[in-house]
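Enquirer: Fold the following.
(chains A and B)
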Amino acid sequence: GAGVSQSPRYKVAKRGQDVALRCDPISGHVSLFWYQQALGQGPEFLTYFQNEAQLDKSGLPSDRFFAERPEGSVSTLKIQRTQQEDSAVYLCASSTRGGNGETQYFGPGTRLLVL
Amino acid sequence: GDSVTQMEGPVTLSEEACLTINCTYTATGYPSLFWYVQYPGEGLQLLLKATKADDKGSNKGFEATYRKETTSFHLEKGSVQVSDSAVYFCALIIGISGANSKLTFGKGITLSVRP
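Expert: Below is the predicted model of the structure:
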């Protein structure tokens, strides 16, 4: 079946521009996660949804970052007034319920470069 | 806070050599442990996992045993292949069903296997 998909795969933005990154989780998956992966580092947690409810946004680095999942399926991560330090790969993952021990399935990521 | 420490890389091996990649963790609760792999140009994929002490996860000839007494989850393979060349991430989850279950990753280690 279809896996997690993300779009765009690559995004180049000028500093100060707003960007929107899309994630389509596996159909029927209740839980959705966003991670940020800097070059040469492991992914770091940004935020978590269970259905449409954003249960944890403790990893969002600033109030320029905003995520939503209004109908409990597709999610959008928005970054306002992008800065060079926002350059990274943004990964989306989904799982059936999000419980301990459950596998999270990752999308291919969106590589963001802020110039 | 919870953390994962992986051995420093990169690692370069000849085909058919033995592989061990060390991973230790610090956790306040009782985590599930994972190894994810990222092949060149591809997204993160689950390689194996273990959800309780003394469990052994295995896949594609790789193995890792959850050692609570040493807080370790070392990845091993008896004979590596060129196709195993990738970046390997150790990760943990602490959470209960229905609650936040974010993955905490190590920095990753690059494995290159020479023919």
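
Enquirer: Could I get the full set of strands for chain B?
Expert: B:3-6, B:11-14, B:19-21, B:23-26, B:32-38, B:44-50, B:56-59, B:62-65, B:75-77, B:86-93, B:103-105, B:109-114 (DSSP state E).

Enquirer: got CSV for the ones you listed, with mean neighbour count and distance to A:Leu112 too?
Expert: In short, each C-beta sits where N, CA and C put it, glycine included. Formatted as CSV, those follow (neighbours: other CB atoms under 10 Å in any protein chain shown; distance: least, CB to CB, whole Å):
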stretch, mean neighbour count, distance to A:Leu112
strand B:3-6, 18, 25
strand B:11-14, 14, 29
strand B:19-21, 17, 29
strand B:23-26, 19, 29
strand B:32-38, 24, 18
strand B:44-50, 20, 17
strand B:56-59, 14, 31
strand B:62-65, 20, 31
strand B:75-77, 20, 30
strand B:86-93, 24, 19
strand B:103-105, 23, 19
strand B:109-114, 16, 22
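
Enquirer: Out of these, flag the one nearest A:Asp18.
Expert: strand B:44-50 (26.8 Å; CB to CB).

Enquirer: could you redo the strands of chain B as TSV and give each row distance to chain A and mean pLDDT?
Expert: What follows is the strands of chain B, written out as TSV (distance: least, CB to the nearest CB, whole Å; pLDDT from 0 to 100):
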stretch	distance to chain A	mean pLDDT
strand B:3-6	8	94
strand B:11-14	15	96
strand B:19-21	13	97
strand B:23-26	11	96
strand B:32-38	4	95
strand B:44-50	4	95
strand B:56-59	11	97
strand B:62-65	15	98
strand B:75-77	15	98
strand B:86-93	5	95
strand B:103-105	3	93
strand B:109-114	9	96
